[in-house]
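**Student:** What would the 3D arrangement of this be:
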Amino acid sequence: MQTRRASPNRRMFLRSAAAASLLVVTGARGQTTWPDRAVKLVVPYPAGGSTDVLARILAERLNQIFNQPFVIENRPGAGGNIGIATVTGSTADGYTIGAATIGHFAINQFLYKDMPYDPERDMIPASLTWELPNVFVVASDHVPAKTVAEFIAWAKQKGHVSFGSPGVGTSPHLSGVLFAKRSGLDAVHVPFRGAAQTIPAMLSGAVDFAIDNLASYISLIQSGKMRALAVTSAKRWPTLPDVPTMGEAGVKDFVVTSWAAFVLPAATPRPIVDKLSGAMKQIAADVAVQKRFLVAGARILSSTPEEAIAFSAKERAMWKDVVALSGLKPQ
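**Tutor:** Model (predicted):
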């Protein structure tokens, strides 16, 4: 019996179909078994700051849930853009995650002319992870003020003051700019790579104040080395019940809450994104973890990807106006 040979075009079609089937099977297997090896968690700020501290708590719990290492990699610089660009430029297989903050979603695009990524196009948030207020702090040994009003009077008598932040465009930077404008102070911004560098400068007296993430300063406040004059949340913070809000301290319309989310490259398969989102929901429901976050100066969050996208869009519109009000121009 004579065997009929397939035409060249048909052979090409069959090879393509087989290759496509293999990709589908391999991709599906990768999605259902993720993670089956170590996952890199990029923190776009230096070690010791609030993002680093809180990301390490979550990495520890993710290790336990997935029985795989979630390894922190600190990649600071350019207001956190360098680290998140590393994430958006990585392979979309779920093995590189970023701890993106409010700056990456809603601020940096209004302050940098050449952004290395588009927050709406190039990354997908799996879940919101935490929120925390900024806290107005001064070094106890160098600034005599015990209230915001006293600080303003002291600063005006001094003539000019300086404030530190973890970089241009961060919420601590914008908080300091807005406070100076609304208080009529001559305040010079001193950008650092993170709170780990800001804190020694404040303790030495080289920098006068900061309105920075509470998680970076809570232990120093509790030890007495730093004095908290106000928090930027709408209500008093649970672990600092004696510290007034900025509104209570006399600075109206000054509610600033920093927040973060776990992000992956936009092309990451949805089953992987959903697995990470589900893990955050499980972690956020753990009372022990909730307490750890509060002690560290933050509140743990979780969300669906869609909820995180909607939230970031709302924040983006608000911070665009804040940047315009600050008078800062894209660099």
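**Student:** the strands in the chain, which residues?
**Tutor:** Ranges of strands within the chain are 39-43, 70-74, 96-101, 123-139, 161-165, 187-191, 209-213, 226-231, 257-265, 299-300, based on DSSP state E.
**Student:** Residue 203 is nearest to which of those strands?
**Tutor:** strand 123-139 (5.3 Å; CB to CB). Heads up, the C-betas are built off the backbone N, CA and C, glycines and all.
**Student:** So which bits of the closest one are buried?
**Tutor:** Within strand 123-139, the residues that qualify as buried are 123-139, counting by 16 or more other CB atoms under 10 Å.
**Student:** gap between residue 190 and residue 285?
**Tutor:** Distance check for residue 190 against residue 285: by CB to CB, to the nearest Å, it reads 40 Å.
**Student:** And these two? Which one has more around it.
**Tutor:** Neighbours per residue (other CB atoms under 10 Å) separate residue 190 from residue 285, with residue 190 holding more: 19 against 11.
**Student:** okay but that one is in contact with residue 202, surely?
**Tutor:** No: using CB atoms under 8 Å, residue 190 is not in contact with residue 202, being 9.8 Å away.
**Student:** what is the mean pLDDT for stretch 235-247?
**Tutor:** The average of the pLDDT scores along stretch 235-247 is 95.
**Student:** Run a quick neighbour tally on the nearest residue to residue 281 once chain neighbours are set aside.
**Tutor:** Spatial nearest neighbour of residue 281, excluding adjacent residues (CB to CB, 6 or more residues apart in numbering): residue 302 at 4.5 Å. For residue 302, the neighbour count with other CB under 10 Å is 22.
**Student:** buried stuff in stretch 70-78?
**Tutor:** Neighbour-count burial for stretch 70-78, counted by 16+ other CB under 10 Å, picks out 70, 72, 74-76, 78.
**Student:** Run the chain-centre distance for it.
**Tutor:** Mean-position distance between stretch 70-78 and its chain equals 12 Å (CA atoms, centre = their mean, to the nearest Å).
**Student:** Ends of that stretch, what's the gap?
**Tutor:** Stretch 70-78 has an end-to-end distance of 24 Å (CA to CA, to the nearest Å).
**Student:** average pLDDT across it?
**Tutor:** 94.
**Student:** Equivalent analysis for stretch 141-152, please.
**Tutor:** This predicted structure assigns stretch 141-152 an average pLDDT of 97.
**Student:** For that stretch, give me every contacting residue.
**Tutor:** Stretch 141-152 is contacted by residues 136, 138, 153-154, 183, 185, 202-203, 205, 208-209, 225, 227, 229-230, 244, 246, 249-251 when judged by CB atoms under 8 Å, 6 or more residues apart in numbering.
**Student:** Buried members of those into PyMOL, please.
**Tutor:** Command for PyMOL that selects the buried part of the contacts of stretch 141-152, burial taken from 16+ other CB under 10 Å:
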select buried, resi 136+138+183+185+202+203+208+209+225+227+229+230+244+246+249+251
